[in-house]
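A.B. asks: Show me how the following folds:
(chains A and B)
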Amino acid sequence: DAGITQSPRHKVTETGTPVTLRCHQTENHRYMYWYRQDPGHGLRLIHYSYGVKDTDKGEVSDGYSVSRSKTEDFLLTLESATSSQTSVYFCAIGGEGDQPQHFGDGTRLSIL
Amino acid sequence: KNEVEQSPQNLTAQEGEFITINCSYSVGISALHWLQQHPGGGIVSLFMLSSGKKKHGRLIATINIQEKHSSLHITASHPRDSAVYICAVSSGSARQLTFGSGTQLTVLP
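C.D. replies: This next block holds a predicted model:
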């Protein structure tokens, strides 16, 4: 296994509430990524990190913020969740040199 | 136009058939990836390639850099190969991925 876990695995919440998803790795990878997967859009990059406190925006970053205070953890926050953010969220690690990215099991988030 | 185009979107085959899924891309890349996603959601990396051809068991992936095209072949297909196959390209300083829309493969016994 690639040593990556996401939590929670499932979450249902209401519009306007804050939500934080956690990605934890035990592999000491420099790069970590958050993607969302939606029918009709496939997988899209939200944010990524290239080191502690170093993050950048992806294709669909509006409405999301991230933080990486230590190598192991990459947090994705929806400050005020909207129904359009209902999705399956995947974290990934790796991507350096010849390494493929390894994906977490995903978090299914429903915003009512 | 999407940066990564996959075809076909859906593919149904009989067990034992040879299967080909195609991927074309329009941007400069550092590598091309083939991923597999089974129902229930987990995403697994099958191949990462920047030139030539790679083989793993019954799966073969090829890439033509000049034509910006890659193919994933499955020989002697089996019902357990039924899944969504996703082509992705990595680019940028952090090798972030841009994905195709996926190919839903169903192999019938």
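A.B. asks: what's the offset of stretch B:83-96 from the middle of its chain?
C.D. replies: In terms of CA atoms, centre = their mean, to the nearest Å, the centre of stretch B:83-96 is found 10 Å from the chain centre.
A.B. asks: What mean pLDDT does that stretch get?
C.D. replies: For stretch B:83-96, mean pLDDT rounds to 91.
A.B. asks: Let me see the contact set for the nearest residue to residue A:83 once chain neighbours are set aside.
C.D. replies: The spatially closest residue to residue A:83, leaving aside those adjacent along the chain, is residue A:111, at 5.2 Å (CB to CB, 6 or more residues apart in numbering or on different chains). In this view, the C-beta of every residue, glycine as well, is placed from N, C-alpha and C. Taking CB atoms under 8 Å, 6 or more residues apart in numbering or on different chains, we find residue A:111 in contact with A:12, A:13, A:14, A:15, A:19, A:81, A:82, A:83, A:85, A:86.
A.B. asks: Let me know the closest of those residues to chain B.
C.D. replies: Out of these, the one with the shortest distance to chain B is residue A:86. That distance is 15.0 Å, counting by CB to the nearest CB.
A.B. asks: Return the alpha-carbon coordinates of the lengthiest strand in chain A using CSV.
C.D. replies: Counting residues, the longest strand found in chain A (DSSP state E) is strand A:42-51. Output of strand A:42-51 as CSV, limited to C-alpha atoms (Å, rounded to 0.1, in the frame of the first residue of the first chain):
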residue,chain,number,x,y,z
GLY,A,42,-14.0,13.5,-14.5
LEU,A,43,-11.1,14.2,-12.1
ARG,A,44,-9.9,17.8,-11.7
LEU,A,45,-7.1,19.3,-9.6
ILE,A,46,-8.2,21.6,-6.8
HIS,A,47,-4.9,22.4,-5.0
TYR,A,48,-1.5,20.9,-4.6
SER,A,49,1.4,21.2,-2.2
TYR,A,50,5.1,21.0,-3.0
GLY,A,51,6.3,21.2,0.6
